[in-house]
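I'll drop the sequence and a predicted model, then ask my questions.
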Amino acid sequence: MALKYKSTAVFLKPDVRYKSKLLSKFINGVMKGGKKATAEKCVYQAFDLIKERVQEEEPLKVFETAIDNVRPMVEVRSKRVGGATYQVPMPVEKARQTALAFRWVLAAVRKKKGRPLAQKLAGELLDAYNRQGEAMTTRENVHRMADANKAFAHFAW
């Protein structure tokens with residue numbers, strides 16, 4: 001039997017400018033239709049805008065802090081017990097935390113209209129860095145939902 005293909009995390013190369021694997025993964029998330037050069041250009045333009053707005057911090061540090069701020073610690077999962085479905089709060093694994101943070105930031109960016117992607121991305125990353133913005137609201141809603149359903153935590157097996 002052939003081995004199943006697991007993940008591309010082993011093959012992921014760091015990005016060109018900052019040598020960060022986290023940023024490289026984020027660029028892959030921004031990319032649409034295989035246009036990686038366009039995605040890199042947008043992300044690097046956003047980092048230049050962040051550098052202008054926040055002089056005392058390196059843009060990569062701002063990005064990493066923003067992603068750390070958006071990462072969820074717990075989430076609710078549906079669990080069927082005896083004919084009833086419960087929303088059970090469960091801890092989130094590290095890889096999924098990062099994936100959800102990327103997804104929420106990009107969803108917030110793509111939802112906004114009227115400005116170039118680089119400007120919207122820089123604004124959302126700065127908002128997340130300052131613990132504000134739509135991605136942080138999504139995280140807080142997930143945490144609030146988990147907190148409201150902690151009575152069902154004993155179903156998390």
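In hand now; what should we look at? Numbers count the residues shown, from 1 in each chain.

Tell me which stretches of the protein form helices.
Ranges of helices in the chain, per DSSP state H, are 21-30, 36-53, 59-70, 94-111, 117-129, 133-148.

export the ones you listed to TSV and tack on mean neighbour count, mean pLDDT and distance to residue 76?
Any C-beta I mention is one placed from the backbone N, CA and C, and that applies to glycine too. Shown next, in TSV, are the helices of the chain (neighbours: other C-beta atoms under 10 Å; pLDDT from 0 to 100; distance: least, C-beta to C-beta, whole Å):
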stretch	mean neighbour count	mean pLDDT	distance to residue 76
helix 21-30	18	95	23
helix 36-53	17	96	31
helix 59-70	20	96	17
helix 94-111	17	96	13
helix 117-129	22	96	22
helix 133-148	17	94	5
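
so which of those comes closest to residue 82?
Closest to residue 82 of those is helix 133-148 (C-beta to C-beta; 21.2 Å).

so the closest one versus helix 59-70, what angle?
30 degrees (axes from the mean of the first three to the mean of the last three C-alpha atoms, to 10 degrees).

returning to what we had before: ok, which of the helices of the chain comes nearest residue 79?
helix 133-148 (13.2 Å).

Now do the closest one: distance to the chain's middle.
Distance of helix 133-148 from its chain centroid, counting by C-alpha atoms, centre = their mean, to the nearest Å, is 13 Å.

That one - contacts with which helices or strands?
Packing contacts for helix 133-148, counted by 3 or more C-beta pairs under 8 Å, 6 or more residues apart in numbering; DSSP states H and E, involve helix 59-70, strand 74-81, strand 84-91, helix 94-111, helix 117-129.

Enumerate every residue touching residue 145.
76, 87, 89 (C-beta atoms under 8 Å, 6 or more residues apart in numbering).

residues in contact with the last one?
Residues in contact with residue 89 (C-beta under 8 Å, 6+ apart) are 74, 75, 76, 145, 146, 147, 149, 150, 152, 153, 156.
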